[in-house]
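Q: Sharing a model that was predicted from the sequence below.
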Amino acid sequence: MKSRIYADTSVVGGYLDEEFQKVTIKLFEEFKSGIKTLVLSDLTLKELELAPPKVRDILSIVPEKNKEYIFFDKKVQFLSTKYIEEKTVSEKYLLDAQHIALATIYHVDVLVSWNFKHIVNLRRIQLYNSINLKYGYSLVEIRSPREVINEE
């Protein structure tokens, strides 16, 4: 069974970032070939509307058959609000909390991000997951793209 991988906006931008490019390109090759499914949210797509065209165009590399779309709803709003209320991240980082909530609500296999301060951070992952359990949701797996690519 293919892994369903939620990629936040930082991963799309990582395709053109010298520091993250090699790994990000490898991950997108896995999405393109169908080894993995790229899960995109309406939140990610909205954030990318503000990005330069060359960043937005990266998603076109992946065929539609290898993409899955998920959508912000009341459950996502509730859970992301709890992350803020319980101080996992401050309100300034609501978008990060919303990405985590989307990945949780839609039971993706893993959320990948290059955001090491507010997302791929052990202390915060533990806090996100403690809140998930407190409110009856499952644990969410959060990793950097480096941790999910198939190494040869």
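A: It's in. Numbers count the residues shown, from 1 in each chain.
Q: Look up phi and psi at the closest residue to D109 other than its chain neighbours.
A: Spatial nearest neighbour of D109, chain neighbours left out: S3 (4.5 Å); criterion: CB to CB, 6 or more residues apart in numbering. (Each C-beta comes from the backbone N, C-alpha and C, glycine too.) Main-chain dihedrals, S3, degrees, to the nearest 10: phi -70, psi 140.
Q: Y6 and E47, how far apart?
A: For Y6, the distance to E47 equals 13 Å [CB to CB, to the nearest Å].
Q: try L95
A: Counting by CB to CB - L95 and E47 are separated by 7 Å.
Q: mind listing what L43 touches?
A: Neighbour list for L43: 72, 95, 98-99, 102 [criterion: CB atoms under 8 Å, 6 or more residues apart in numbering].
Q: could you dump the residues you listed to CSV with pLDDT, distance to S80 and secondary structure?
A: Written out in CSV, the entries for these read as follows (pLDDT from 0 to 100; distance: CB to CB, whole Å; DSSP: H, G, I helix; E, B strand; the rest coil):
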residue, pLDDT, distance to S80, secondary structure
F72, 97, 9, coil
L95, 95, 9, helix
Q98, 97, 4, helix
H99, 97, 9, helix
L102, 98, 8, helix
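Q: Could I get the residues you listed in TSV, plus columns for neighbour count and distance to V89?
A: Converted to TSV, these look like this (neighbours: other CB atoms under 10 Å; distance: CB to CB, whole Å):
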residue	neighbour count	distance to V89
F72	16	17
L95	17	10
Q98	22	10
H99	28	11
L102	28	15
